[in-house]
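Predicted coordinates and the sequence they were generated for:
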Amino acid sequence: MKKLIQRILELENISKELEPSELKRNEYHQQIQNYANSFINDLEISKAYSDEKIKQGVLSINGIKKPLSRLIKDYANEVAGKGINAASGGHLGYVPGGGIYTSAIADFLADVTNEYAGLYYASPGAVVIENEILNWMKSIFGFPENAAGSLTSGGSIANLIALTAARDHHKIKSDKIPKSIIYLSPQAHHCINKALKIIGLEDVIIRYIDLDKHSRIDVNKLNEQINKDKSDLLNPFLIIATAGTTDTGAVDPLMEIGKIAQRNKLWYHIDAAYGGFFILTHQKKELFNGIEMADSLVTDPHKGLFIPSGTGAVLVKNKEAVLQSYQYTANYMQDSTRINTNIYNPADVSPELTRHFRALRIWLPLQLHGIEPFIACLEEKLLLTSYFRNKLLEIGFKTGPEPDLSISYFWYPSETVDENAFNQKLLELIHKDGTVFFSSTIINEKFVIRMAILSFRTKLRTINKAIEILNNARVNLEKEFNYA
């Protein structure tokens, strides 16, 4: 026993490294704070994209202790300094995660106290905060108070939760799968297909409904297809609409699709991961009429609320369907059932059991700032999108149809050179410069440059800079292509 105690004390002495003293903690905090301030202060002059390669071995783990100062330097150079700078206002290529500073403070608090946010028994305060966030979202989207919900890592898991509930509610399994039908837009996010495969529905029939000239689902074609499928004795069970497609930012006709779903007794799911929170704006609120008709809804606070990446949300009206899919228990969890509460546990409506206290990163900024700055930021992005499109037309670019939200696309036209090749090369030059970042997509077999304006740091000066860079790159490229 004496040797055992001695060995325990030896190990305790080694492991105390994991509990830094207050003095050491203050030292760490100061170094991190200095870097954070430097990073944020320099964002205006930092590149939005860098294709520079990671230095080999710099980020490898070899078990040897290194000072924090060196690790911060390596992080700055090899992580924050490479690839897409998602924190930059010049990130105009994909729908960016937010990254507001007060969310980072919330994450620090959540990590220090290490709350387990899956069970009310373990952390009633954390679960109440999550439910308060979800109740607030229900009020925004017109969902009933008794709807279920979950804060997730993003739209992918949120969509998976909703589609699983739809599957189980309609009992889509075994020999019923090959005859069951899902209707959606060709521009629906690919995480939908991924989720269907994960939940065993890769063999369902997927009907991609034709779009109108604004890239929205054609409700007449949808109605015709459902009627045909029913007459063919197939099993339509799910319609998926999108409130803000990734390609073009289109919002499907939510009200009309909702009526079709109700008439045919189909589960109506809306993916509003990108566009959902634009419902808060005066300019676009009416565009979301009918969203309250959905049986399930996905939206991402890490997009429209500018919260750091890793923050999605799902709402489901049929709580029993979600619980049927995800509520399980075990003998070792029996203590948690002794507390009677009408608040359901987040772990019962999600595949996640161990889960980060991500609600705090939404709750704290909303409590500190109120809702007005968030709405103002969303309205600003809508106006910047219109401004950007107008400026593009002034310098000779062509733009896609008037967007519903803040995603659009553009290209430079030509009758003498290959348009696709020219615009692809133009995008390569923009990436090489790195000051701003755009992405690309294919629309009707045409290579187009895609802009997604949602970063809370994207301002009027950012757009003016982007126009200047695009125009300069275009002029230089015309010389290379002998453009006429």
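Yep, that arrived. Numbers count the residues shown, from 1 in each chain.

If you average pLDDT per helix and strand, which one of the protein comes out bottom?
Sorting the helices and strands of the chain by mean pLDDT, DSSP states H and E puts helix 319-326 at the bottom, at a mean of 84.

and it, what other elements does it pack with?
Helix 319-326 makes packing contacts with strand 148-152, helix 155-169 when contacts are defined by 3 or more C-beta pairs under 8 Å, 6 or more residues apart in numbering; DSSP states H and E. The C-beta positions use only the backbone N, C-alpha and C, and glycine is treated the same way.

relative to helix 155-169, how tilted is it?
Going by axes from the mean of the first three to the mean of the last three C-alpha atoms, to 10 degrees, helix 319-326 is angled at 100 degrees with respect to helix 155-169.

most neighbours per residue, which of the helices and strands packed on helix 319-326?
The highest mean neighbour count among these, using mean count of other C-beta atoms under 10 Å, belongs to strand 148-152: a mean of 27.

Give me the contacts around that one.
Around strand 148-152, the neighbours that count as contacts under C-beta atoms under 8 Å, 6 or more residues apart in numbering are 130-131, 133-134, 137-138, 158, 161, 311-319, 322-323, 344, 346, 349-350, 352, 358-359, 362.

Okay, buried residues for the least confident helix or strand of the chain please.
For helix 319-326, a neighbour-count test (16 or more other C-beta atoms under 10 Å) marks 319, 321, 322, 323, 325, 326 as buried.

Let's have the helices and strands packed on helix 319-326 in a markdown table, adding distance to residue 441.
Output for these, formatted as a markdown table (distance: least, C-beta to C-beta, whole Å):
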| stretch | distance to residue 441 |
| --- | --- |
| strand 148-152 | 26 |
| helix 155-169 | 18 |
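
Mind checking which of the contacts of strand 148-152 are in helices?
Within the contacts of strand 148-152, residues falling in helices by DSSP state H are 130, 131, 133, 134, 137, 138, 158, 161, 319, 322, 323, 362.

Closest to residue 430 out of the residues you listed?
Top of the list for closeness to residue 430, among those and by C-beta to C-beta, is residue 158 at 32.0 Å.

mind listing what the closest one touches?
Contact analysis of residue 158 by C-beta under 8 Å, 6+ apart lists 150, 152, 273, 298, 299, 300, 312, 313, 314.

Let me have these in JSON lines, extended by distance to residue 214 and pLDDT.
Compiled in JSON lines, the contacts of residue 158 are given as follows (distance: C-beta to C-beta, whole Å; pLDDT from 0 to 100):
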{"residue": "150", "distance to residue 214": "32", "pLDDT": "94"}
{"residue": "152", "distance to residue 214": "30", "pLDDT": "93"}
{"residue": "273", "distance to residue 214": "20", "pLDDT": "95"}
{"residue": "298", "distance to residue 214": "22", "pLDDT": "97"}
{"residue": "299", "distance to residue 214": "21", "pLDDT": "97"}
{"residue": "300", "distance to residue 214": "23", "pLDDT": "95"}
{"residue": "312", "distance to residue 214": "26", "pLDDT": "94"}
{"residue": "313", "distance to residue 214": "27", "pLDDT": "96"}
{"residue": "314", "distance to residue 214": "27", "pLDDT": "97"}
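
where exactly do the helices run in the stretch 301-450 of the chain?
301-304, 319-326, 360-369, 372-394, 419-433 (DSSP state H, counting those that start in this stretch).

The stretch 101-250 of the chain too?
101-113, 124-141, 155-169, 191-198, 219-231.

Just list what the last one packs against, helices and strands only.
Secondary-structure packing of helix 219-231 (3+ C-beta pairs under 8 Å, 6+ apart): strand 180-184, strand 205-208, strand 235-242, helix 254-264.

so which pair among the ones in helices among the contacts of strand 148-152 is furthest apart in space?
Spatially, the most separated pair among the ones in helices among the contacts of strand 148-152 is 323 and 362, at 23.6 Å (C-beta to C-beta).

check which helix or strand covers residue 7.
Residue 7 is part of helix 2-15 when elements are defined by DSSP states H and E.

helices or strands up against that helix?
Checking 3+ C-beta pairs under 8 Å, 6+ apart, helix 2-15 ends up next to no helix or strand.

Count the residues that sit near residue 204.
20 (other C-beta atoms under 10 Å).

The residue nearest to it when sequence neighbours are not counted bridge partners, please.
Among residues not flanking residue 204 along the chain, residue 180 sits closest, at 4.9 Å (C-beta to C-beta, 6 or more residues apart in numbering). Residue 180 forms beta bridges with residue 235, as assigned by DSSP bridges.

and the gap between residue 180 and residue 368?
46 Å (C-beta to C-beta, to the nearest Å).

quick one: which of the two has more around it?
Counting neighbours by other C-beta under 10 Å for residue 180 and for residue 368 shows that residue 180 has the greater number, 21 against 12.

if I look at that one, how far off is residue 252?
In this structure, residue 180 and residue 252 are 21 Å apart, going by C-beta to C-beta.

do residue 263 as well
Remark: distance between residue 263 and residue 252 (C-beta to C-beta) = 17 Å.

and these two? which has more neighbours close in?
More crowded of residue 263 and residue 252, by other C-beta under 10 Å: residue 252, with 32 against 10.

Now for the more buried one: which residues touch it?
Going by C-beta under 8 Å, 6+ apart, the list of residues near residue 252 reads 185, 216, 217, 241, 242, 243.

switch to 7 Å and redo it
Residue 252 makes contacts with 185, 216, 217, 241, 242, as judged by C-beta atoms under 7 Å, 6 or more residues apart in numbering.

Residue 105 too?
Counting by C-beta under 7 Å, 6+ apart, residue 105 touches residue 364.

quick one: it from residue 71, how far?
Taking C-beta to C-beta, one finds residue 105 at 21 Å from residue 71.

domain assignment for this protein?
What automatic domain parsing lists as the domains of the chain is 108-369, 372-480.

Could you pull up the mean pLDDT of the last one?
Across domain 372-480, pLDDT averages out at 94.

First-to-last residue distance for that domain?
Across domain 372-480, the terminal residues are separated by 48 Å (C-alpha to C-alpha, to the nearest Å).
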